[in-house]
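J.: Please work out how this folds:
(chains A and B)
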Amino acid sequence: MGEKRRKRKLVDLEEAANLIESGSFLALGGYLIHNHAMALVRALVRKNIKGLTILPAAPGGGVDADLLIGAGCVRKLICCYMGGEWLGAIYPNFRRAAQENTLEVEDWDESHVVSALRAAGSDLPFMPTRAGLGSDLIRVNPRFKVFNDPLEGKPLVAVPPLRPDVAIFQVKRADGFGNSVWGGAEFLDNLMWMAAKKVIVCADEIATVEQIQNDPFRVKLPGFAVDAVVHVPYGAHPCALHGKYSFDEEHLKKYHQMGKKTETFKEYLDRYVYGPQSHEEYLDLIGARTLTGLTREEGVWI
Amino acid sequence: MNYPGDYTAAELMAIVLARDIPDDSVGEMGAYSEVPMAACKLARLMHAPSFQWICSASGMVTPKGPLYHSSTDFRNSQGCEGSYNMNDVNIFIMRKVDFFFAGGIQVDRFGNINLTVIGDYHKPKLRGPGAAALPMISSLPIKYYIYQARHDRLTFVEKVDFISAPGYIDGPEGRARVGLPSQGGPKLVVTPLGVLDFPPETCHMRLKAVHPGVSPEQVQENTGFPLDRAPQIEETPAPTTQELHLLHSKVDPHGILREMG
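T.: Next up, the predicted model:
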């Protein structure tokens, strides 16, 4: 009976967005076009958040990071990769902002981000690695220090910790206490929540704690590490949510196309971000035919 | 490309890479990797049934479904043998993986790769996607393949504008001088025109083989620095009927490589 008195963490999308302040350091779960908390990202743009430092998942940021950059919410990007694979070789708003010097970009290697989150999660001042030796990443970034290993005397790179103020995730299933289940690849999400000060989980499905207890080994994020849970069906659209639905390829192609110019990207934002006043209105705009089409491929989504 | 046969550059590069993949080894690729994924699938169906591979940041092991564009597509879970998060995969790469597939917006004579910027770092003419995991891959005591969708003077340059991933840096002593294991570095470069390697005496990129219908002069014309030449430049054996059949029927039934050209 104790579970009835236990504090639930369910909030709505706008309340979750209000847990993230302008100027904060935000980690974005997922990878490229998979598992991003896109509905929460759109809510952040709508509340006119500014001056963020963002850390997209290593090794690759995606449409979530690019949307925040294109909407003018980001001061600094810490990143290893902003490529769009076959949809577009380089994310368009990222590329334009970097070339026009309106965005500070700090280039890291994938394993540097892994090391930095491990350092933060372990409360250590740095993690040593060989990655980056001989590369210009180390030359242009004074935050990385090359030092000689005190035991063997050979050169190593000291990677400083990254401690995000908030990390946000889109997961397949969570209960009201925050226990969260991934439906496919975890990517770098586990190290992100271990390093972050605050964790917000958006879930396509809200389960009871009893349902979670029936399959406890699938829980990859314990409720005690979660600050807020939001119920957001299709919250990753236009990205895929592993184990639930595929990405919306047509929409993503349109995103890359409209992102190429400031004017056309403004049209994108007006139509898909500022136009709908809620996530439900956004889903109405995308339409049932499109959304149900994302699970059509035989034998994969069951 | 006009090869004397019915196959595209992407298909030919996948076949050339597949032939080089050793049985009983473990490979991995990053994002944007249709050609390496096809090569891995084809190698397993041909001479390397025990070869295993890790599907980029998804950590999925040896998917057996059809080829998809994205290496982290959930649909790769068809026939995969497990999935590991990035923390695990980062440790695997250092301890259990034998080779990797890399590529860049520029590659130079010593196999250094640039994925970061063209022009000045702080005022880039072209901002590239970023180094991804290549600084780490190139810091390991393992070899990697460089595959390039284009072979031209904009891509193959005398000196890269930015070293995202050091290859042999500036010669045989380059890696050891900065503290990198000398066993590492690029093994082969595979392009739509041919195959290039790095003989250990010079670590200069050297023309090893030309693809069917391509001349050594054509490769040189499309390279922005003087290429060394192997004593006997080979011609890549044309794709066999069996290779093309497996590619079209089993590896890539949706025709993604064909569509890439």
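J.: rest of the way, CA atoms for contacts and neighbours
T.: Noted.
J.: Show me the shaky parts of the stretch 51-200 of chain A.
T.: Scanning the stretch 51-200 of chain A with the threshold set as pLDDT under 70 gives A:59.
J.: Which parts of it are strands?
T.: In the stretch 51-200 of chain A, the strands defined using DSSP state E, counting those that start in this stretch lie at A:52-56, A:74-79, A:104-107, A:127-129, A:145-148, A:155-159, A:166-175, A:180-181, A:198-207.
J.: likewise the stretch 1-150 of chain B?
T.: B:26-29, B:52-55, B:60-61, B:99-102, B:106-108, B:113-114, B:117-119, B:124-127, B:143-147.
J.: A:H256 sits in which helix or strand?
T.: Counting by DSSP states H and E, the element that carries A:H256 is helix A:249-258.
J.: A:A185 is nearest to which of the strands of the stretch 1-150 of chain B?
T.: strand B:60-61 (7.7 Å; CA to CA).
J.: name the helices or strands packed onto the closest one?
T.: Contacts defined by 3 or more CA pairs under 8 Å, 6 or more residues apart in numbering or on different chains; DSSP states H and E place strand B:60-61 against strand B:52-55.
J.: Name the surrounding residues that touch the strand it packs on.
T.: When contacts are defined by CA atoms under 8 Å, 6 or more residues apart in numbering or on different chains, strand B:52-55 is touched by residues B:24-30, B:37, B:40, B:60-63, B:71-72.
J.: what's near enough to touch residue 207?
T.: All of this refers to chain A. Taking CA under 8 Å, 6+ apart, we find A:A207 in contact with A:173-176.
J.: The intended chain is chain B.
T.: B:194-197, B:216, B:227-230, B:233.
J.: which of the residues you listed lies closest to A:D136?
T.: The closest of these, once distances to A:D136 are taken by CA to CA, is B:D197, at 23.7 Å.
J.: For the closest residue to the closest one other than its chain neighbours, give me the pLDDT.
T.: On the basis of CA to CA, 6 or more residues apart in numbering or on different chains, the spatially nearest residue to B:D197 that is not a chain neighbour turns out to be B:L188, at 4.7 Å. Here the pLDDT value assigned to B:L188 is 98.
J.: what about B:L188, which SS state?
T.: Three-state secondary structure (criterion: DSSP: H, G, I helix; E, B strand; the rest coil) places B:L188 in strand.
J.: Report the beta-bridge partners for it.
T.: Under DSSP bridges, the beta-bridge partners of B:L188 are B:Y145, B:D197.
J.: ok, is the helix holding A:H256 in contact with chain B or not?
T.: No: in this structure, helix A:249-258 remains apart from chain B according to CA under 8 Å from any CA of the partner chain; the gap is never smaller than 11.1 Å.
J.: Output that helix as CSV, restricted to C-alpha atoms.
T.: The C-alpha atoms that make up helix A:249-258 are tabulated as CSV, following Å, rounded to 0.1, in the frame of the first residue of the first chain:
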residue,chain,number,x,y,z
GLU,A,249,11.6,10.4,-43.7
GLU,A,250,9.5,12.8,-45.8
HIS,A,251,9.4,15.3,-42.9
LEU,A,252,13.1,15.0,-42.2
LYS,A,253,13.9,15.7,-45.9
LYS,A,254,11.7,18.7,-45.8
TYR,A,255,13.5,19.8,-42.6
HIS,A,256,16.9,19.6,-44.3
GLN,A,257,15.5,21.4,-47.3
MET,A,258,13.8,24.2,-45.4
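J.: Any buried residues in it, and which?
T.: Neighbour counts using 16 or more other CA atoms under 10 Å in any protein chain shown place A:252, A:255-258 of helix A:249-258 among the buried residues.
J.: hmm, who's touching that helix?
T.: In this structure, residues lying in contact with helix A:249-258 by CA under 8 Å, 6+ apart are A:87-88, A:91-92, A:238-239, A:264-265, A:267-268.
J.: for stretch A:10-27, same thing?
T.: Among residues not part of stretch A:10-27, those counted as contacts by CA under 8 Å, 6+ apart are A:39-40, A:43-44, A:47, A:49-57, A:163-168, A:176-177, A:192, A:196, A:200, A:228-232.
J.: can you tell me the distance between the two ends of that stretch?
T.: For stretch A:10-27, the first-to-last residue distance is 20 Å (CA to CA, to the nearest Å).
J.: The stretch 151-261 of chain B: strands as residue ranges?
T.: Listed from the start of the chain, the stretch 151-261 of chain B has strands (DSSP E, counting those that start in this stretch) covering B:156-157, B:185-190, B:194-197, B:206-210, B:228-235.
J.: Quickly run through the sheet partners of the fourth one, with directions.
T.: It stands for strand B:206-210. Every partner of strand B:206-210, by DSSP bridges, with its direction: strand B:194-197 (antiparallel), strand B:228-235 (parallel).
J.: CA atoms only for that strand, dumped as PDB, please.
T.: This file holds the C-alpha atoms of strand B:206-210, laid out as PDB (Å, rounded to 0.1, in the frame of the first residue of the first chain):
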ATOM      1  CA  ARG B 206      50.300   4.800 -53.000                       C
ATOM      2  CA  LEU B 207      48.200   3.700 -55.900                       C
ATOM      3  CA  LYS B 208      47.800  -0.100 -55.400                       C
ATOM      4  CA  ALA B 209      45.000  -1.000 -57.800                       C
ATOM      5  CA  VAL B 210      42.700   0.700 -60.400                       C
END
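J.: neighbours around A:G88, how many?
T.: Residues lying near A:G88 (other CA atoms under 10 Å in any protein chain shown) number 15.
J.: ok, the closest residue in space to it that isn't next to it in sequence to chain B distance?
T.: Of all residues not flanking A:G88 in the chain, A:H256 sits nearest, at 6.4 Å (CA to CA, 6+ apart). If you measure A:H256 against chain B using CA to the nearest CA, to the nearest Å, the figure is 14 Å.
J.: Near chain A, which residues of the stretch 1-150 of chain B are found?
T.: B:31-32, B:57-60, B:69-70, B:72-75, B:78, B:83-87, B:90, B:123-139.
J.: Select only the buried ones of the residues you listed in PyMOL?
T.: Buried residues within those, as defined by 16+ other CA under 10 Å, are selected in PyMOL through the command that follows:
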select buried, chain B and resi 31+32+57+58+59+60+69+70+72+73+74+75+83+84+85+86+87+90+124+126+127+128+129+130+131+132+133+134+135+136+137+138+139
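J.: can you give me the end-to-end distance of stretch A:103-123?
T.: Using CA to CA, the span of stretch A:103-123 from its first residue to its last is 29 Å.
J.: For residue 238, give me the pLDDT.
T.: If you meant another chain, say so; for now it's chain A. What the model reports for A:P238 is a pLDDT of 98.
J.: that answer is for a different chain, and I need it for chain B
T.: B:A238 is assigned 98 on the pLDDT scale.
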